[in-house]
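No sequence on hand, only this structure:
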């Protein structure tokens, strides 16, 4: 499902760098097909660094995590509590 954000503004250089850092952390964390509690916490730390979540970050998380889970390409470690 594609979500649109009509009031979404272009990202600043700093926001683009943060988004790229988040992408790298997610891709590294999901490369083996299992997302552990520690990896989820690492992703959450990167998300919280900016103190706000942009629509682009939400889209990235949806694409690189949620869609892979839905397709069966990624599982969450059984020790997962919450995210």
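Alright, I've got the coordinates. Note that the structure is a prediction, hence the values are computed from the model and not measured.

How about the contacts made by the most centrally placed residue in the chain?
By CA atoms, centre = their mean, the mean C-alpha position of the chain lies nearest to residue 61, the distance being 3.0 Å. Residues touching residue 61, when contacts are defined by CB atoms under 8 Å, 6 or more residues apart in numbering, comprise 22, 26, 43, 47. For glycine as for every other residue, the C-beta is placed from the backbone atoms N, C-alpha and C.

Pull up the per-residue confidence for the first one.
In other words, residue 22. Per-residue pLDDT puts residue 22 at 96.

three-state assignment of the closest residue to it other than its chain neighbours?
By the measure of CB to CB, 6 or more residues apart in numbering, the closest residue to residue 22 outside its immediate chain neighbours is residue 46, 5.0 Å from it. Judged by DSSP: H, G, I helix; E, B strand; the rest coil, the three-state class of residue 46 is helix.

and what of residue 22?
Here residue 22 takes the helix state, with states given by three-state DSSP.

Test my guess that it contacts residue 63.
No: under the criterion of CB atoms under 8 Å, residue 22 lies out of contact with residue 63, with a separation of 11.6 Å.

Looking at these two, which has the bigger crowd around it?
Shown here are residue 22 and residue 63; by other CB atoms under 10 Å, residue 22 has more neighbours (21 against 12).

Would you mind measuring from that one to residue 29?
The span separating residue 22 from residue 29 equals 10 Å under the rule CB to CB, to the nearest Å.

same deal with residue 77?
Where residue 29 is concerned, residue 77 sits at a distance of 11 Å (CB to CB).

what's the helix or strand for residue 52?
Counting by DSSP states H and E, there is no helix or strand that carries residue 52.

Relative to residue 37, how far out is it?
24 Å.

More neighbours: these two, which one.
residue 37 (15 against 8).

mind pulling up the phi and psi values for the closest residue to residue 35 other than its chain neighbours?
Closest residue in space to residue 35, ignoring its immediate chain neighbours: residue 76 at 5.0 Å, by CB to CB, 6+ apart. Backbone torsions of residue 76, given as degrees, to the nearest 10, read phi -100, psi 130.

what do you get for residue 35?
Per-residue torsions, residue 35: phi -110, psi 110 (degrees, to the nearest 10).
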